[in-house]
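> Show me how the following folds:
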Amino acid sequence: MSENEKALKPEDLTRLFVERANAGDAAGLAALYDEEAVMAYPPGSTTVGREAIRQLWEKVLSNGPHFEPEEPLPTLVFGDIALTATPPKDGSGARAQVVKRQADGSWLRVIDQPEFRPPTS
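Residues are numbered from 1 along each chain as shown. Below is the predicted model of the structure:
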């Protein structure tokens, strides 16, 4: 696992994600996820496990995307589990993650729904 800065509170994960993504650091991004994490991406499918998530981010980051920080919604914490979320700046839906406190007190993502849109009726 990368020796990058660890998330000391759940909200740190969003900031660290943006910093590492903009640096092109796929391994650093994957280090923000639990070994068995599940990510609902690409749209319509899931990516399971830190190594698969690293490989996915390598592909995504090879296109040189730029990520902007998004203001987090209030974090909900229940013991060692928390729910973090941000509304995308473009107003296109929401992002949500379930994160878990680790034995060393840091936090990692265990479930990541990086984008979803509200149902249309």
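> Where is the longest strand in the chain?
Taking DSSP state E as the criterion, the chain has its longest strand at strand 107-116.
> now that strand, how far from the chain's geometric center?
Put simply, strand 107-116 sits 5 Å off its chain's centre (C-alpha atoms, centre = their mean, to the nearest Å).
> For residue 11, see how far away residue 41 is.
Here residue 41 is placed at a distance of 21 Å from residue 11 (C-beta to C-beta, to the nearest Å). For glycine as for every other residue, the C-beta is placed from the backbone atoms N, C-alpha and C.
> buried stuff in stretch 60-78?
61, 70, 72, 75 (16 or more other C-beta atoms under 10 Å).
> Show me where the protein has its helices.
12-22, 26-30, 50-61 (DSSP state H).
> Please save the CA atoms from the shortest one in CSV.
Output of helix 26-30 as CSV, limited to C-alpha atoms (Å, rounded to 0.1, in the frame of the first residue of the first chain):
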residue,chain,number,x,y,z
ALA,A,26,-3.6,5.5,-9.4
ALA,A,27,-1.8,3.6,-6.7
GLY,A,28,-2.4,6.4,-4.2
LEU,A,29,-6.1,6.5,-5.2
ALA,A,30,-6.4,2.7,-4.7
